[in-house]
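Engineer: what's the 3D shape of this:
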Amino acid sequence: MDKKRNIAIFTTASLPWMTGTAVNPLFRAAYLARDGERSVSLVIPWLSLKDQKLVYPNNITFSSPAEQETYIRHWLHERTGFESDFSILFYPGKFSLDKRSILAAGDISEIIPDEKADIAILEEPEHLTWYHHGKRWKIKFGLVIGIIHTNYLEYVRREKNGRMQAFLLKYVNNWVVGIYCHKVIRLSAATQEYPQSIICNVHGVNPKFLEIGKKKLEQQQNGSQAFGKGAYYIGKMVWNKGYKELLKLLQDHQKELAGLEVDLYGTGEDSDQVREAAEKLELAVRVHPGRDHADLEFHDYKVFLNPSTTDVVCTTTAEALAMGKIVVCANHPSNDFFKQFPNCRTYDSGDGFVKLTQRALAEQPAQLTEAQRYELSWAAATERFLRCAELEKASTAKLSESPSKNFMSTSLNLGGKMETASAYVHHVSSGFEVTRRIFGAIPRSLQPDEEQCKELGLAVPAGKRGSGK
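Structural biologist: Numbers count the residues shown, from 1 in each chain. Take a look at the predicted model:
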């Protein structure tokens, strides 16, 4: 019997934070491990209690990694209905208030022992390697696959001095992804381009949404009214998540859309401003707090409006299609995958948005075939991933019989290649607190603090003993 491949999936967030990089890698781990042909580990951030209170919703906190793991496994089983044999490991993480992101503290590649370092999947590789200081990923692992989740350049462009920031970030991202990843998968063409990358949507939808869609299909086939409500949108309530575009479309076309009613669901930093803008419209636009998209509240809506152009592949769009709804969205690279489905309607202009919205409200959604429903599933997404990743081509040979923990001995001995030299420059620059701070790292994150080391059972770095920070 062939030896199982060891796959370690590293990601930048964890439940109960309901963000894409917490949810999608969790499903990826479950479905990669489901057939028992691979040994899979999901490596996620562990936050201090102070940071948990800033990040996790509804005052949910955990006193230990084991408690959080129990929560995660329960959540997953409720949605997949099957037991999946994969391990969950934690690395020390810190929450950056200004970036609204979790960043790693210390060398997180050390979470995987050298003897099990075979294949690494880096979910958001740029995010995971901006401030990485430790063993080079390509040296430790036989194959490193980066999956690009986020359109960072689009977000940065919308900030003050955004064009200059985006210009610099583009080159930094290309730099770190190039020196740390063998292969790069972009979820859509909406992401930054990387040399020799592959565009493929390797994400599926939570099985719950397919179950909802199946019930709606049965109602349609029985002649019952499956969709008794009109149009809605759901997403984190910040302007750059589609709310700015949607409210402008509604404002510019109030006369043509007279009588239209839209419900907006979300919670976020811009909730009050979104509510104020909606109240100024002549149309009936109601603003509600965020809820789980699988909630019964959403089952009867017929039309999902999503004008967002900052997404890479919008999870809520996939969920709406899985539930059998009509989706009206922008003709944008982030929506290319969805164009194969008959209920996806894309527009190129404000007039197109008006016509498609009116038509969608007047029609009944097309009934998805079994093949179309499967294409939205995580089973299909896993097949696409395995096809793109070509894991069978990854070498199982160790680069060295006794891998050194010293970066220079493992990297510089490979010769004078440009990539090796470039990786060494990054390693050196990421090892100084001053340099790290200039480029936006969290202060004192070169190594994990004593408290997190104790919580995770890690050795406390010499410089951190007795610091508690």
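Engineer: Okay, now the unreliable bits of the stretch 151-300 of the chain?
Structural biologist: Filtered on pLDDT under 70, the stretch 151-300 of the chain yields no residues whatsoever.
Engineer: rerun that using 80 as the cut-off
Structural biologist: Residues of the stretch 151-300 of the chain meeting the criterion pLDDT under 80: 152-156, 158-161.
Engineer: The stretch 301-450 of the chain too?
Structural biologist: 392-417, 423-424, 431-432, 438, 440-441, 445.
Engineer: For residue 26, which non-adjacent residue is spatially closest?
Structural biologist: residue 76 (6.0 Å; Cβ to Cβ, 6 or more residues apart in numbering). Bear in mind the C-beta positions are built from the backbone N, C-alpha and C, glycine included.
Engineer: Am I right that that neighbour is in a helix?
Structural biologist: Yes: per DSSP: H, G, I helix; E, B strand; the rest coil, residue 76 lies within a helix segment.
Engineer: OK, contacts around it?
Structural biologist: By Cβ atoms under 8 Å, 6 or more residues apart in numbering, residue 76 lies in contact with 26-27, 30, 84.
Engineer: same thing but 10 Å
Structural biologist: Residue 76 is in contact with 15, 23, 26-27, 29-30, 82-84, 86, 88, 206, counting by Cβ atoms under 10 Å, 6 or more residues apart in numbering.
Engineer: Mind giving me the PyMOL select for these, buried ones only?
Structural biologist: A single PyMOL command selects the buried members of the contacts of residue 76 (16 or more other Cβ atoms under 10 Å):
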select buried, resi 15+23+26+27+29+30+84+86+88+206
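Engineer: Looking at the contacts of residue 76, which are in strands?
Structural biologist: Among the contacts of residue 76, the ones falling in strands (DSSP state E) are residue 88.
Engineer: Include distance to residue 50 when you put the contacts of residue 76 into CSV, please.
Structural biologist: As requested, the contacts of residue 76 are arranged in CSV below (distance: Cβ to Cβ, whole Å):
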residue, distance to residue 50
15, 19
23, 24
26, 24
27, 29
29, 28
30, 30
82, 36
83, 34
84, 32
86, 29
88, 22
206, 30
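Engineer: The contacts of residue 76 in helices, which ones?
Structural biologist: 23, 26-27, 29-30 (DSSP state H).
Engineer: Quick one: classify residue 240 as helix, strand or coil.
Structural biologist: Secondary structure, three-state DSSP: residue 240 is helix.
Engineer: How about residue 153: what's its closest non-neighbour residue?
Structural biologist: The spatial neighbour of residue 153 that comes closest, neighbours along the chain excluded (Cβ to Cβ, 6+ apart), is residue 166 at 4.7 Å.
Engineer: Could you check how far that neighbour is from residue 443?
Structural biologist: If you measure residue 166 against residue 443 using Cβ to Cβ, to the nearest Å, the figure is 25 Å.
Engineer: who has more neighbours, the two?
Structural biologist: residue 166 (18 against 10; other Cβ atoms under 10 Å).
Engineer: which ones are touching the residue nearest to residue 123 when sequence neighbours are not counted?
Structural biologist: Spatial nearest neighbour of residue 123, excluding adjacent residues (Cβ to Cβ, 6+ apart): residue 11 at 4.0 Å. Residue 11 is in contact with 19-26, 28-29, 42-45, 91, 102, 121-124, 127-128, 147, 149, counting by Cβ under 10 Å, 6+ apart.
Engineer: Out of the residues you listed, which sit inside strands?
Structural biologist: 42-45, 91, 102, 121-123, 147.
Engineer: quick one: low-confidence parts of the stretch 1-150 of the chain?
Structural biologist: For the stretch 1-150 of the chain (pLDDT under 80), the answer is 1-3, 98-99.
Engineer: and with 70 instead?
Structural biologist: For the stretch 1-150 of the chain, the stretches with pLDDT under 70 are 1-2.
Engineer: how about the strands of the stretch 51-200 of the chain, start to end?
Structural biologist: 87-96, 101-104, 119-123, 143-148, 183-186, 198-199 (DSSP state E, counting those that start in this stretch).
Engineer: Pipe the ones you listed into a markdown table and attach distance to residue 311 per row.
Structural biologist: Output for these, formatted as a markdown table (distance: least, Cβ to Cβ, whole Å):
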| stretch | distance to residue 311 |
| --- | --- |
| strand 87-96 | 21 |
| strand 101-104 | 16 |
| strand 119-123 | 16 |
| strand 143-148 | 12 |
| strand 183-186 | 13 |
| strand 198-199 | 15 |
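Engineer: Of those, which is nearest residue 456?
Structural biologist: strand 87-96 (5.7 Å; Cβ to Cβ).
Engineer: Can you give the distance of the closest one from its chain's centre?
Structural biologist: Centroid displacement of strand 87-96 relative to its chain, using Cα atoms, centre = their mean, to the nearest Å, is 15 Å.
Engineer: Walk me through which strands it pairs with, and which way each runs.
Structural biologist: Paired strands of strand 87-96, with direction, are strand 38-46 (parallel), strand 101-104 (antiparallel) (DSSP bridges).
Engineer: hang on, the earlier thing: the residue nearest to residue 123 and residue 431: what is the separation?
Structural biologist: Residue 11 is 24 Å from residue 431, by Cβ to Cβ.
Engineer: Check residue 99 too.
Structural biologist: 21 Å.
Engineer: go on, residue 446?
Structural biologist: From residue 446 to residue 431 the distance is 7 Å (Cβ to Cβ).
Engineer: which of those two has more neighbours?
Structural biologist: The residue with more neighbours, out of residue 446 and residue 431, is residue 446; 21 against 13, by other Cβ under 10 Å.
Engineer: how near is the more buried one to residue 131?
Structural biologist: 8 Å.
Engineer: overlap in contacts of residue 446 and residue 431?
Structural biologist: Taking Cβ under 10 Å, 6+ apart as the contact rule, residue 446 and residue 431 both touch 133-134.
Engineer: Identify the single longest helix in the chain, thanks.
Structural biologist: Ranked by residue count and defined by DSSP H, the top helix of the chain is helix 162-180.
Engineer: mind checking how far it is from the chain centre?
Structural biologist: Worked out by Cα atoms, centre = their mean, helix 162-180 lies 19 Å from the chain centre.
Engineer: One more: stretch 204-223?
Structural biologist: That offset, for stretch 204-223, works out to 25 Å (Cα atoms, centre = their mean).
Engineer: Can you show me the CA trace of that stretch as PDB?
Structural biologist: Output of stretch 204-223 as PDB, limited to C-alpha atoms (Å, rounded to 0.1, in the frame of the first residue of the first chain):
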ATOM      1  CA  GLY A 204     -17.600  25.000  -3.000                       C
ATOM      2  CA  VAL A 205     -20.700  26.000  -1.000                       C
ATOM      3  CA  ASN A 206     -21.700  24.800   2.500                       C
ATOM      4  CA  PRO A 207     -23.900  21.700   1.900                       C
ATOM      5  CA  LYS A 208     -26.700  23.300   3.800                       C
ATOM      6  CA  PHE A 209     -27.400  25.700   0.900                       C
ATOM      7  CA  LEU A 210     -27.700  22.800  -1.500                       C
ATOM      8  CA  GLU A 211     -30.200  21.100   0.800                       C
ATOM      9  CA  ILE A 212     -32.200  24.300   0.800                       C
ATOM     10  CA  GLY A 213     -32.000  24.500  -3.000                       C
ATOM     11  CA  LYS A 214     -33.200  20.900  -3.200                       C
ATOM     12  CA  LYS A 215     -36.300  21.700  -1.100                       C
ATOM     13  CA  LYS A 216     -37.000  24.700  -3.300                       C
ATOM     14  CA  LEU A 217     -36.700  22.600  -6.400                       C
ATOM     15  CA  GLU A 218     -39.200  20.200  -5.000                       C
ATOM     16  CA  GLN A 219     -41.600  23.100  -4.300                       C
ATOM     17  CA  GLN A 220     -41.200  24.300  -7.900                       C
ATOM     18  CA  GLN A 221     -41.800  20.900  -9.400                       C
ATOM     19  CA  ASN A 222     -44.900  20.400  -7.200                       C
ATOM     20  CA  GLY A 223     -46.300  23.700  -8.400                       C
END
